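Student: structure of the sequence below:
(2 chains)
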Amino acid sequence: MATYATLNSNLQTQCGRQLRTFDRYVGYTVRTYVRATFFESGNRYHPRVNSYTRYSYHTRRYEYVGASYSLYNNYLDSGIYTGNIIYQQDVIDSISRVVRRTVDLVEGRIGYQTINAYYCHASCHSSCHSSRGRR
Amino acid sequence: MVMSRADVNSWVQAYGGAQLRSFDRTATIRVNAYVRGTIGNYGNRYHPVWSSYTTGANYYHRFEYVGAPNSVYNNYVDSGINTGNIIYPQDIVDTLEDLTRRTVDLIEGRMSNRYISALYCHASCHSSCHSSRGRR
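Tutor: Numbers count the residues shown, from 1 in each chain, chains lettered A, B, ... in the order given. From the prediction side, this is the model:
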């Protein structure tokens, strides 16, 4: 006899295991300015690298691989257990609850992320880090 | 009234689909980068004005499936549920497991790659970015 407690426990384990498969990398292509640098010549500063832009690619992970099974506790309609007639509405309610719960839980994992896109030009990297543009 | 596989399949699609369409999440991404470098003119000498200044801004990217068709859940019904068979409660639980996996897969499929243009100019003298020499 599958009691409600048993079925509820099964639901938590089975659905929780599926929720843990949520593991998605999203790629962000970011266009930014590189760090501008200058050099001095004849008492005047000249741009060495000015207004140059570049693209960079960053991935950010959204996941719930550590989701607790208990997140689905009691999301099975209370009318579903062996020995009881399962009514249409009991099934519909369970479907709605579990799918909605999954959507809500995943949405809760799509949170704030930061991308640091600090780039120097590639051709003369040391000049970025000297007090004045070195040649 | 006896519950058939077709009944459960239609509920899965109608009610699962309705809930899936509630997936609508805006992710905030902060991008930190250098601002555009410019040169300022002081007494006939040019000085670097913004050479290493950094800043950041928030960008918002929407992930949603508000237009999901119900049919994405077609046949996500446990194989134990068949007309003429007894439907056991565990068959319902198994169906809910299938739905959970399907929902996760569908949402993952909506989380596509994105593009962000994070071209920052300095705030105090914006026009100088767009002139040939730093204007004051």
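Student: got the buried residues for the host helix or strand of B:Phe63?
Tutor: Using DSSP states H and E, B:Phe63 sits within strand B:54-64. Buried residues in strand B:54-64, counted by 16 or more other Cβ atoms under 10 Å in any protein chain shown: B:59, B:61, B:63. For glycine as for every other residue, the C-beta is placed from the backbone atoms N, C-alpha and C.
Student: helices or strands up against that strand?
Tutor: strand B:24-34, helix B:89-110, strand B:114-118 (3 or more Cβ pairs under 8 Å, 6 or more residues apart in numbering or on different chains; DSSP states H and E).
Student: tell me which of those is the most buried.
Tutor: helix B:89-110 (a mean of 22; mean count of other Cβ atoms under 10 Å in any protein chain shown).
Student: now that helix: mean pLDDT?
Tutor: Mean pLDDT, helix B:89-110: 97.
Student: distance from it to the middle of the chain?
Tutor: Centroid separation for helix B:89-110 versus its chain: 20 Å, with Cα atoms, centre = their mean, to the nearest Å.
Student: anything in it near chain A?
Tutor: Yes. Helix B:89-110 reaches chain A (Cβ under 8 Å from any Cβ of the partner chain) through B:89-90, B:92-97, B:99-101, B:103-105, B:107-108.
Student: going by distance to chain A, which of the buried residues of strand B:54-64 wins?
Tutor: Taking Cβ to the nearest Cβ as the measure, chain A lies nearest B:Phe63 of the buried residues of strand B:54-64, at 6.2 Å.
Student: and that closest one, how close does it get to B:Val104?
Tutor: Distance of B:Phe63 to B:Val104, computed by Cβ to Cβ, to the nearest Å: 13 Å.
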